[in-house]
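Curious how this folds, go ahead:
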Amino acid sequence: MSAPVIRGVNHIGITVPDIEAATSFLVNAFGGQVIYQSFGPQDPPRQGSDFERAVGAFPGTVVRGQVMVKIGTGADIELFEMHGPDQAQPIRASDFGITHFALYTDDIEASVARFAQAGGTPLTTPRAIPYATEKGPGNRVCYGRMPWGTTIEFITTPDRMAYHDQTDLRRWQDEG
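The predicted structure is shown next:
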């Protein structure tokens, strides 16, 4: 039996307090496109012990909507509107777990401006990437927070990165 082959990241799931507002934000901030809505406010909510066990949700959690959004050519974003008796705030970069996701952009200034105009909060202005493996004259990065608190990173690497000297493996945006 051969080992399974992972083809790539399929989607990133984000729980939000208001699925309609979050969907609108992804459309306005990133040019996102709704691929489909699995269920919404017009449908019965998903809840109960089978659901809680299947996804690891806290007992009493109610899901009111699920939407799949396409952003560019990377992994899709799956939004869930969930409400529960013991919900934590979004994690910070220093917490354990998935702390952020990054969007590659060819124009970081314009992308961060659009993000801010749509209601996101940039944490800095775009700046040079500080890591020796990714440095390059035009390689830049900027982190921000979405309206509900999820951290996002904008990255652009138009110039050759130093890691190319260390391995033949390439990040997806460097292939070709």
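
Show me which helix runs longest in the chain.
Counting residues, the longest helix in the chain under DSSP state H turns out to be helix 19-30.

Packing partners of that one?
Counting contacts by 3 or more Cβ pairs under 8 Å, 6 or more residues apart in numbering; DSSP states H and E, helix 19-30 is packed against strand 33-39, strand 62-70, strand 76-83, helix 108-117. (Glycine included, C-beta is placed from N, CA and C.)

neighbouring contacts of it?
Helix 19-30 is contacted by residues 14, 16, 32-34, 40, 64-67, 69, 71-72, 77, 79-81, 103, 111, 114-115, 117-120, 146-148 when judged by Cβ atoms under 8 Å, 6 or more residues apart in numbering.

Please pick the buried ones from those.
Restricting these to buried positions leaves 14, 16, 32, 64-67, 69, 71, 77, 79-81, 103, 111, 114-115, 118, 120, 146-148, with burial counted as 16 or more other Cβ atoms under 10 Å.

before we move on, the earlier item: now render the helices and strands packed on helix 19-30 as CSV, adding distance to Thr99 and mean pLDDT.
Conversion of these to CSV gives the following (distance: least, Cβ to Cβ, whole Å; pLDDT from 0 to 100):
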stretch, distance to Thr99, mean pLDDT
strand 33-39, 25, 93
strand 62-70, 20, 94
strand 76-83, 16, 94
helix 108-117, 18, 96
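
possible to save the ones you listed as TSV with distance to Asn139?
Compiled in TSV, those are given as follows (distance: least, Cβ to Cβ, whole Å):
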stretch	distance to Asn139
strand 33-39	28
strand 62-70	26
strand 76-83	24
helix 108-117	10
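
what's the closest of the ones you listed to Val9?
Proximity to Val9 (Cβ to Cβ) singles out strand 76-83 among the helices and strands packed on helix 19-30, at 9.3 Å.
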